[in-house]
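S.K.: the following block contains a protein sequence and its predicted model.
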Amino acid sequence: MRKVITYGTYDFLHYGHIRLLERAKALGDYLIVGVTADDFDKVRGKINVQQTLVERIEAVKATGLADKIIVEEYEGQKIDDIKRYGVDVFTVGSDWVGKFDYLKEYCEVVYLERTEGISSSEIRAQKRALSMGIVGDDAISMNKFQKEDIYVNGIEIIGICTNNIEKMSDKIKNLSIITDDYKTLLDKVDSVYIYSKPEEHYEQIKMALNQGKHVLCESPITMNKKQCKELFDLAEEKGCILMEAIRTAYATAYSRLLLLIKSGRIGNVVSVDATCTSLRNNEVTTSLVNWGPLALLPIYQILGCNYKSKRYITHFKSEGNDDFTKIDFLYPNATASIKVAEGVKAEGELVIAGTKGYIYVPAPWWKTDYFEVRYENQTLNRRYFYQLDGEGIRYELVAFVRSITEGKNAKYIDDKVTLAICKTMEDFENHVNLSEI
């Protein structure tokens, strides 16, 4: 039996894919098709894939051409697969000519001509892009966010609402819509990204949703739980997406870390400690508002939102403005703490302790592409590396676009977590269980 193997992403499976699979099948008696995993696509820079791995596998299966379907998950897997399955022929499209010649040591390599005039990238690009407006005065954040839309099919930033245009990048200054009037921006876009002062979020989100606009908003979405719940209900009523923008939640390393914890790799979690600090004087927010949502994210996602008690310890540099805040949480079977600061510097690490081992994420943990799982027996320790591009912003945008285009929730942050973050901000504002230092 002559075995043939080929690989691909197969996003929006089309006639060109099918023709390639048909010709691959004709090269032998048994066809193995490798479908690339979501994480591996990200490592290769393909973050615009819009269908899930399961959807893509089902599409390949439906062609009836594959005798076996496998998942490609890591660099170098092709050699392993060729050896494992006794493959005689490796084949791929002609746009990869020469790229896989190194496999000739293991089997025959055949490059097949692709069907002209059609590709998954073109199919994605031909869909009308959602227009987005960005809202805020923080030039560093605005410039950073605006750079990322070019990597994501299906969305285009066309305007900005700001009172600080002189500090924005030349690219932002050349957008077709530049205004300091929020309503003017809303009238011309399908969606908005909001990075304004948190006390402005509620009215800005409400106005956008009432006009049928989708919203991606920096956390905290609001400064109290009731308003946040109201906005989620309004989004559902209007058929709009309201998504919290904490980019770390969409990073591959962080997502994999959560999966390892849920699988029981470190046993029962008994402690989560997160530190986020900076000496930067943020133009928009204070310490807890700026860093708190990020530091709270792993606590609420790992331990849940039903804590028994929480206590704030804060240093105020001026009326209402904290430059350091520590929050201690008590859960029925665990404890947690965050330390956030602007003007006080500490090691920005994340440590998750369990009954079998612990996970250590080095500073700055919110940008990490690396973490360690450590045990008493150090020979069992494991290190995990994942590529992180654009600090996670582009992955966040992909999830936002997918939620809108597919009409279903692709958020990585549960609404309960978002509401818990807002409640944390509300209690801080009201000085509930707060001690000053």
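M.R.: Ah, there it is.
S.K.: ok, and the closest non-adjacent residue to residue 366?
M.R.: Among residues not flanking residue 366 along the chain, residue 248 sits closest, at 4.5 Å (Cβ to Cβ, 6 or more residues apart in numbering). All C-beta atoms are positioned from the backbone trio N, CA, C, and that covers glycine.
S.K.: go on, residue 376?
M.R.: Nearest residue to residue 376 in three dimensions, chain neighbours excluded: residue 357, at 7.3 Å (Cβ to Cβ, 6+ apart).
S.K.: give the bridge partners for that neighbour, please.
M.R.: Beta bridges link residue 357 to residue 375 when assigned by DSSP bridges.
S.K.: then the one 4 residues further on?
M.R.: Partner residues in beta bridges with residue 361, using DSSP bridges, are residue 350.
S.K.: now it: how far from residue 247?
M.R.: According to Cβ to Cβ, to the nearest Å, residue 361 stands 15 Å off from residue 247.
S.K.: can you list contacts of the helix or strand residue 60 falls within?
M.R.: Using DSSP states H and E, residue 60 falls within helix 53-63. Residues from elsewhere that reach helix 53-63 (Cβ atoms under 8 Å, 6 or more residues apart in numbering): 9-11, 13, 18, 21, 33, 35, 37-38, 49, 51, 66, 69, 71.
S.K.: return the set of buried residues in that helix.
M.R.: Buried residues in helix 53-63, counted by 16 or more other Cβ atoms under 10 Å: 53, 56-57, 59-60.
S.K.: what's the next secondary structure element after it?
M.R.: Tracing the chain past helix 53-63, the next element assigned as helix or strand by DSSP H and E is strand 68-72.
S.K.: tell me which element residue 90 is part of?
M.R.: Here residue 90, judged by DSSP H and E, is contained in strand 89-93.
S.K.: and residue 97, what does it touch?
M.R.: Residue 97 sits next to residue 111 when contact means Cβ under 8 Å, 6+ apart.
S.K.: name the strands paired with the strand holding residue 90 and say parallel or antiparallel.
M.R.: Strand 89-93 has the following strand partners under DSSP bridges: strand 3-8 (parallel), strand 108-112 (parallel).
S.K.: after the longest one comes which helix or strand?
M.R.: The helix or strand immediately downstream of strand 3-8 is helix 15-25, counting by DSSP H and E.
S.K.: start and end of stretch 280-292, how far apart?
M.R.: This stretch, stretch 280-292, spans 15 Å end to end (Cα to Cα, to the nearest Å).
S.K.: for stretch 135-152, same thing?
M.R.: The first residue of stretch 135-152 is 19 Å away from its last residue (Cα to Cα).
S.K.: mind listing what's buried along that stretch?
M.R.: 135-139, 141-149, 151-152.
S.K.: out of these, which are inside helices?
M.R.: Among the buried residues of stretch 135-152, DSSP state H puts 139, 141-146 in helices.
S.K.: ok, the residue nearest to residue 376 touching residue 270?
M.R.: No: the pair residue 357 / residue 270 is not scored as a contact, 11.6 Å apart, by Cβ atoms under 8 Å.
S.K.: just the C-alpha atoms of the strand holding residue 90, please, in PDB.
M.R.: Taking C-alpha atoms only, strand 89-93 is exported to PDB below (Å, rounded to 0.1, in the frame of the first residue of the first chain):
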ATOM      1  CA  VAL A  89       4.800  10.300  -0.400                       C
ATOM      2  CA  PHE A  90       4.600  13.800   1.200                       C
ATOM      3  CA  THR A  91       2.700  16.300  -0.900                       C
ATOM      4  CA  VAL A  92       1.800  20.000  -0.600                       C
ATOM      5  CA  GLY A  93       0.900  23.000  -2.800                       C
END
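S.K.: now it against helix 15-25, angle please.
M.R.: Here strand 89-93 runs at an angle of 160 degrees relative to helix 15-25 (axes from the mean of the first three to the mean of the last three Cα atoms, to 10 degrees).
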